[in-house]
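1. Have a look at this prediction, sequence included:
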Amino acid sequence: MAKKVLIADDEPNIVTALEFLLQKSGYEVLVAQNGEEALRQVEAFAPDLVLLDVMMPRISGYEVCQRMRERGDWRHIKIVMLSAKGREAEVSKGLSVGADLYVTKPFSNTELVARIDGLLRGPEPPGGA
Amino acid sequence: MRGGSKFALWTAALAAAAIGLPAALGLMLAAGLGPEEQETLRRIVSARAPMLAFVAVILVLACGGVVAWLFREYVGALRGLTEQTQVLLGVNDELRVRTEGAREVAELAAVINRLGEAQRRLRRDFEARAQEARARLEEERNRLAALMSELAEGVLVCNTDGRILLYNEQARALFAAAGEAAGGGLVGLGRSMFALLDRDQIAHALEKLQHSLAGGGAPPSTRLVAPSPSGRLLRIDAAPFLNAEGGMAGLVLTLADVTGLLDREAQHLSLLQTLAAGVRAPVANLRAAAENLAAFPDMDAGRRGRFVQIIAAESQTLSGAIDIALREYADALKASIALEDMRAVDLVRVARRRIAASLGIAAEEGDLDDGLWLRVDSFAFVQALAFLAARLRDEHGVRRLELSVRPAGRFAHLDLAWRGASVTPEALPAWESEPMRVGSEQTPLTLRDVLERHGGEVWLEREGAAQGAGARLRFLMPAGEPVAAVPRPGRAVESRPEYYDFDLFAHSGAARELQERSLSELSYTVFDTETTGLEPSAGDEIISIGAVRIVNGRLLKNEVFEQLVDPRRPLDPQSARVHGIEPRALAGQPPIEAVLPAFHRFCEETVLVAHNAAFDMRFFELKQAAAGVRFTQPVLDTLLLSAVLHPSLEDHKLEAIAQRLGVRVIGRHTALGDALLAGEIFLRLVALLAQRGVTTLRQALEASRDTYYARLHY
C-alpha cells in the first residue's frame, strides 16, 4: 500500500507542484491549507509524513509540529518543515520543536523526494541508517 | 679679559706716577742749573744709573703688588659678590654670599646676607598665601584631569592655530603610531594638530563651524572620519570652543576608533550589492524563457525542451545565490551596530533586577555558564524578558521565575522557566506580535522585532501536559565574543598629569622670526644621552636617549622620550659604572638608525637644550645621515649659559649648577634623569638671563658663542 503524505501549505502554486511531484513518486497525497486543517487531517487520515510550511495563517507550522509531538500516538509520524526563512536560529527552532527535517525554500525537487524516501524507509532493522 | 687689562692699566698708571713724579721734579731742578753743574749732575746720575734702575723696578713691582692686593680685596671680591647676589636675588634666596675680600667687603657681604634673609622670609610668607589660593584652583584642575582620564573617548582641545592645549591618555593612544620605536608619540601640549590629521580636513571643519557660528542658533558641531597614523579609522566630532566675546577660540575634538563599525557597514553594503548582481541575470533569463513558453504554446518539442532546460538551470542558480546571501545576512546581522558582546551572567543579573523592580516577581538564577558571552542589544532584550514576565504574571499568575543560560553551538539557550501555570502554545504567537508593555512603560517594538534584530528565536517547551508541570520559554540567542577588559593607562603617582595648558590659547603661531622670540615663550626639548665612551669619532656609540619637553615655561614631566639603543658593539665595563646600564638590557633594543627618527619627531618644532650639548650633537651629526634625518633646530647649552651668567665661577658641572641654583638632584645618570635635571636648571637660567637683558633666543645664542667654553671642541 502506498504511504500517505500530508502537504500543509497555504500557497497554491507550491502545493500544485508538490502534489504532482509526490504522486509521481508513488505516494498517496493529502492537502491542507492551514494549520487547523492540517491537524484535522492528521487526526482523520493518520499520514506517514507531514510536509509542513512554517508560515501559515492562524496556527504556524511550529505550533502544529509541537502539538503533534505532544500526542503519544502520533510519535511515528515524520515531520518535514518547509520554510522560506532559512536563518540558522529558525532551523534550530524547527528541529527543537520536533521536526525530523527542515528544508528551506527554494529546494530541489529530486533532493526533496530523496529525503522523504529516506525518512519513510526509516531506520531499517537490523542496523540500517 | 676685561679684568686683566684693567689690572695692567692701573699698575702702569701707579708706576708711572711713582717714577715719573720724582723724575719730573729732578728735571725741573736740573733745568735751573748752569752748564757745569748740569754736567756734574749727569755724571753723578750716570754713575748711579744701575741703582736708579733698580729703584724704578722695585717701585713698579711695589705698585703691581698694591694694585693686585686692591683688586683681590676689593674689585674681585665685589665682582664675586655681585654674581652671588644676582643668584640670591634671582633664583635662590637660600644662598648666602661669601667673600675672601677686605673687611669692608665682608661687612657688605653680611649686609647682603641679612637682606637675603629678609627676602627669603618675605617670599616664604608670600608663597604660603599664594599656595592657599592656588590649592583651590588646583583642585578644580585635578577634577578636570580625572574626568578626562575616565572618558572612554579620546579628547583633544586645540586653538585656532591647531596647537594642542589639552588631551587625555586615550587620545594619545589613538594616535600612537603602530610599532613606534619609542613612546614619544605625536600628541603633546603645544604640538601641532596638523601632524596628526590632514590640514585640509581640519581647516574644512573650522570653516564649517565658523560659518554656522556666524549664522547663530544652536551650538554647531561637525563630524569627520580620518585615518590615524597606525591605519585605524577615527571618527572625530569637532565642536567650537568659544572665547568671552563669543568668537571661536579653538576646537574640542572627541575621538573614537570606528574601524570595526565601518567594516560592518561596508559588509552590509557589499552584501546587498552581491545579492542584486547575483539575482538580476538568472531572473532575466528565467523571465525570457517563461515568457516565450507562455507566448508560443505551439512551438516544436526541441525548442520547448531547450527553454525548459534554461528554466531549470536558472532556478538552480537563483536558489544558490539566495542561499549564500541569507547565510551572509545572518552573519552580518550578528555584527549589527546595536548589538554588543556581553557576559551572559551579567545580562541575567540585569534582567533579574529589572523584573524584580518593575514587576515585583522573584526571578532566580538557575544554571549559568560563567564563560558564555551573548551578542545582544541588552536594553531591548531585557525589556523583552520583562515583558514576557509581565504577561506570565498577569495572564497566568506566575510569581516565581528562573533564568538560566547554556551554550548551544553558535547560539545560547536562555531559558525563562516557571512551574505550575500551564501556558497554551497559542499564547506565545500573540505575545510575539503585540507592542511590549511593562508596567507603565510601552515601546512600539514587538518581541518579534527584538528577535529579528538579533537573528534569534523563542519557543515554548513544556515538561508534559499535566497541570502543575514545569514549562519554559527558550530563547535562542547568538553567542558573542569575549571582550577583553580595557587596561587603564598607568597614572603617574607623584604628580598631577599635565595634559593641558590653556595659556596656550594666548599664543599666536603667527611666526615671528624664531630667533627674535622670547626665551620664555619658546618650546624646548631638553635631552641627554648615555654613551659607550667619550669619543664618538673613535667608534663610541649612543646607548640611551632621554628627553623632556618644556612648553610655556613648564617642564612637562608626562611628555618624555626614553629609549635604550643597541650600540652593536661591546660595552666597556667601566662605562657601565657611570650609566649603570647592563649589556643585557641593550640586547633587542632598536639601533640608533631607528631611534633617531623617532627622537627627531619628538623634538619637532622645538629648540634643543642639553648640558654640554656639543658632545651629544657630535654623536647625532655622525649618525643622522644613516638615520635619514637632520637636526637643524637651534641648540642651547646649559653649560654655556651657566658660564655666561657666572664667568668668574669655575665649576659648571650639572651638579654644581644645580646646587648653586637650588635645584634638588635626584635620579642622576640615566638619560631621562639628567634631561629632567637639565630642564629644571634651564628654566632657572632663563630667569637669570632675563635679569641680564638676555631675553631672546638670538641673544642667548650669541652670548653662548662668546663665552670661553664655546671654544672647546669634542
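-> Okay, I see it.
2. shaky segments in the stretch 101-250 of chain B?
-> Under the criterion pLDDT under 70, the flagged ranges of the stretch 101-250 of chain B are B:177-185, B:216-219.
3. Now do the strands in it.
-> B:154-159, B:164-167, B:222-227, B:233-242, B:248-257 (DSSP state E, counting those that start in this stretch).
4. Closest residue of the stretch 501-650 of chain B to chain A?
-> Relative to chain A, the nearest point of the stretch 501-650 of chain B is B:Gly588 (47.5 Å; C-beta to the nearest C-beta). Every residue, glycine included, has its C-beta placed from N, CA and C.
5. ok so that residue is a strand residue?
-> No - under DSSP: H, G, I helix; E, B strand; the rest coil, B:Gly588 falls outside any strand and is assigned coil.
6. Neighbours of it, how many?
-> Neighbour count of B:Gly588, defined by other C-beta atoms under 10 Å in any protein chain shown: 8.
7. Now for the nearest residue to it once chain neighbours are set aside: which residues touch it?
-> Sequence neighbours aside, B:Asp566 is the residue nearest to B:Gly588 in space, at 7.3 Å (criterion: C-beta to C-beta, 6 or more residues apart in numbering or on different chains). Residues near B:Asp566 by C-beta atoms under 8 Å, 6 or more residues apart in numbering or on different chains: B:586-591.
8. Pull out the buried residues from those.
-> By neighbour count, with 16 or more other C-beta atoms under 10 Å in any protein chain shown, the contacts of B:Asp566 hold B:586, B:589, B:591 as buried.
9. could I get those residues as a markdown table with pLDDT?
-> Formatted as a markdown table, the buried ones among the contacts of B:Asp566 follow (pLDDT from 0 to 100):
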| residue | pLDDT |
| --- | --- |
| B:Leu586 | 83 |
| B:Gln589 | 87 |
| B:Pro591 | 90 |
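10. now, which of those residues sits nearest A:Asn34?
-> Relative to A:Asn34, the closest of the buried ones among the contacts of B:Asp566 is B:Gln589; by C-beta to C-beta it sits at 76.8 Å.
11. so that closest one touches B:Arg568, yeah?
-> No - contact criterion C-beta atoms under 8 Å: B:Gln589 and B:Arg568 do not qualify, at 10.2 Å.
12. hmm, back to that, for the residue nearest to B:Gly588, give its distance to B:Glu593.
-> Noted for B:Asp566: a distance of 10 Å to B:Glu593, by C-beta to C-beta, to the nearest Å.
13. Repeat that for B:Met193.
-> 29 Å.
14. Looking at the two now, which is surrounded by more residues?
-> B:Met193 (21 against 16).
15. Please name the residues that touch that one.
-> If you count contacts by C-beta under 8 Å, 6+ apart, then B:Met193 has B:156, B:158, B:162-164, B:202 around it.
16. Now cross-check those residues against chain A and list the overlap.
-> Under the cut-off given by C-beta under 8 Å from any C-beta of the partner chain, chain A has nothing from the contacts of B:Met193 close to it.
17. List the residues that contact the residue nearest to B:Leu688 when sequence neighbours are not counted.
-> If the residues on either side of it in the chain are set aside, B:Leu688 comes closest to B:Gly90, at 4.6 Å by C-beta to C-beta, 6+ apart. For B:Gly90, the contacting residues are B:684, B:687-688, B:691, by C-beta under 8 Å, 6+ apart.
18. Make JSON lines out of the contacts of B:Met193 and add neighbour count and distance to B:Leu416.
-> Putting the contacts of B:Met193 into JSON lines (neighbours: other C-beta atoms under 10 Å in any protein chain shown; distance: C-beta to C-beta, whole Å) gives the following:
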{"residue": "B:Leu156", "neighbour count": "26", "distance to B:Leu416": "46"}
{"residue": "B:Cys158", "neighbour count": "27", "distance to B:Leu416": "52"}
{"residue": "B:Gly162", "neighbour count": "20", "distance to B:Leu416": "56"}
{"residue": "B:Arg163", "neighbour count": "24", "distance to B:Leu416": "57"}
{"residue": "B:Ile164", "neighbour count": "27", "distance to B:Leu416": "52"}
{"residue": "B:Ile202", "neighbour count": "21", "distance to B:Leu416": "52"}
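19. just these now: which is nearest chain A?
-> B:Leu156 (43.1 Å).
20. in the sheet, who's paired with the closest one?
-> B:Tyr167, B:Leu253 (DSSP bridges).
21. which residues does it contact?
-> Contacts of B:Leu156 by C-beta under 8 Å, 6+ apart are B:164, B:166-167, B:171, B:187, B:193, B:252-253, B:255.
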